[in-house]
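S.K.: quick one, structure for this:
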Amino acid sequence: MSGSICAVSVLELDQLAPTRAIATARVLHVINGEHYSGAERVQDLLALELGQFGFNVSFACLKDGKFAATRRAQRAELRTFPMNSRLDLRPAWELAAWLRQEQFSLVHTHTPRAVMVGRLAAWIARVPLVHHVHSPTGRDSTRRWQDTISAKAENYSLLGVDAVIAVSRSLANYAAAQGVPRARIHVVPNGVPVVGPLTNRLAPRRPWTLGTVALFRPRKGLEVLLDAMARLRRAGVDVRLRAIGEFETEEYQRRIRAQVERLGVGEFITWTGFTKDVSAELERLDLFVLPSLFGEGLPMVVLEAMAAGVPVVGTKVEGVPEAIRDGIDGVLAEPGDAQDLARAINSFVCGEVDWSSCRQHAHSRQAAMFSDVSMARGVANVYREVLAP
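M.R.: As a prediction, this is how the structure comes out:
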């Protein structure tokens, strides 16, 4: 595989991998732990599904927070090794002691902070390490200096890592550009549970309920969505918004609330706050909108919307176009362009794009290519390759 990224389709993985492994190996997943968003949901689903492929998962969190209480894989052991600062490496020694004591076969990290600590712990304990790239660290937020520091720390920690899992081909290229040998990069798309047959549902009538789900922060593009919504309403398009999630900071929340007041759209928005039951919220939506500006890998919530048969309006960033085929499973817009986002939303409302057809296509595509089982199968294949020697 030297010189090329190991990108195997889900269907190929189904054919290549056995349904179960012969032996069971223990894997420790390391993550920050203060939130329950994309990366946390990935490792939570992996913990639920990797057992059928011969891997038993435990968790290590570097911060106290939502993950411990919110995770679905409550049976998986979880311990916290708190860091006092972003560059505090002292937890690595405690982590290494646990790795040796419990005879873990492999460490799997999911964030720049986690790989920094996990890499040292794995080296001390003499176990291999796999790192999961969920988003491009160098352009993950609007705090450029922090992204730069995190990217440098991540790149240094990845020296000699046994394997890197990228959730999309765009992130595989990003990892290669950061110096990770291409032979060690494996593309394993994110996946979510398959819902089952779609229920019959008529195309929406006005008002149209838009929804967005996120940990709200500047790179998620909420400002652009609010602007697009105001443009649509001024043009006589009756749309309403359910904003599902919490704000990363109070300062950003104040900024968004001020924009809502300035645009005069407050009465048309429902703020639900954080919810564990995203599926229940998706059932209330006519369109799911993800207006991200940058920094996405392969968003879990896009896949969940597809599974629920909710057509997606997304932006052309990172792995989103790898899941959503423009005009087939949803509609794509240019990032940061409120007018183009309004155009994409209105293409469903005015009937230019067939809502029912997109619903069916999105649901079928998710089941075929982006399930939680196919994701676990792909990760298990990477584990086996790393552990084979």
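
S.K.: hmm, which helix or strand of the chain has the shakiest average pLDDT?
M.R.: When the helices and strands of the chain are scored by mean pLDDT, DSSP states H and E, helix 10-16 comes last with a mean of 41.

S.K.: the helix or strand just after that one pairs with which strands, parallel or anti?
M.R.: Going down the chain from helix 10-16, the next helix or strand is strand 25-31, by DSSP states H and E. Here strand 25-31 is paired, per DSSP bridges, with strand 55-61 (parallel), strand 106-109 (parallel).

S.K.: quick one: contacts for residue 80?
M.R.: By CB atoms under 8 Å, 6 or more residues apart in numbering, residue 80 lies in contact with 33, 60, 61, 62, 63, 64, 68. C-beta here means a position set from N, CA and C on the backbone, and glycine is covered the same way.

S.K.: closest one of those residues to residue 255?
M.R.: Using CB to CB, residue 63 comes nearest to residue 255 of the contacts of residue 80, at 24.8 Å.

S.K.: wait, doesn't residue 310 sit right on residue 284?
M.R.: No. With contact defined as CB atoms under 8 Å, residue 310 does not reach residue 284; the gap is 9.5 Å.

S.K.: these two - which one has more neighbours?
M.R.: Higher neighbour count among residue 310 and residue 284: residue 310, with 25 against 13, using other CB atoms under 10 Å.

S.K.: so that one belongs to a strand, correct?
M.R.: No. Judged by DSSP: H, G, I helix; E, B strand; the rest coil, residue 310 forms no part of a strand; its state is coil.

S.K.: do you know how far it is from residue 135?
M.R.: 23 Å (CB to CB, to the nearest Å).

S.K.: let me know the secondary structure of residue 243.
M.R.: Residue 243 ends up strand, using three-state DSSP.

S.K.: any stretches of the stretch 51-200 of the chain with poor pLDDT?
M.R.: 137-153, 155-156 (pLDDT under 70).

S.K.: same check, this time on the stretch 251-389 of the chain
M.R.: 389.

S.K.: for it, which segments count as strands?
M.R.: When assigned using DSSP state E, counting those that start in this stretch, the strands of the stretch 251-389 of the chain occupy the ranges 269-273, 287-290, 312-315, 330-333.

S.K.: including distance to residue 114, could the ones you listed go into CSV?
M.R.: Output for these, formatted as CSV (distance: least, CB to CB, whole Å):
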stretch, distance to residue 114
strand 269-273, 27
strand 287-290, 25
strand 312-315, 27
strand 330-333, 31
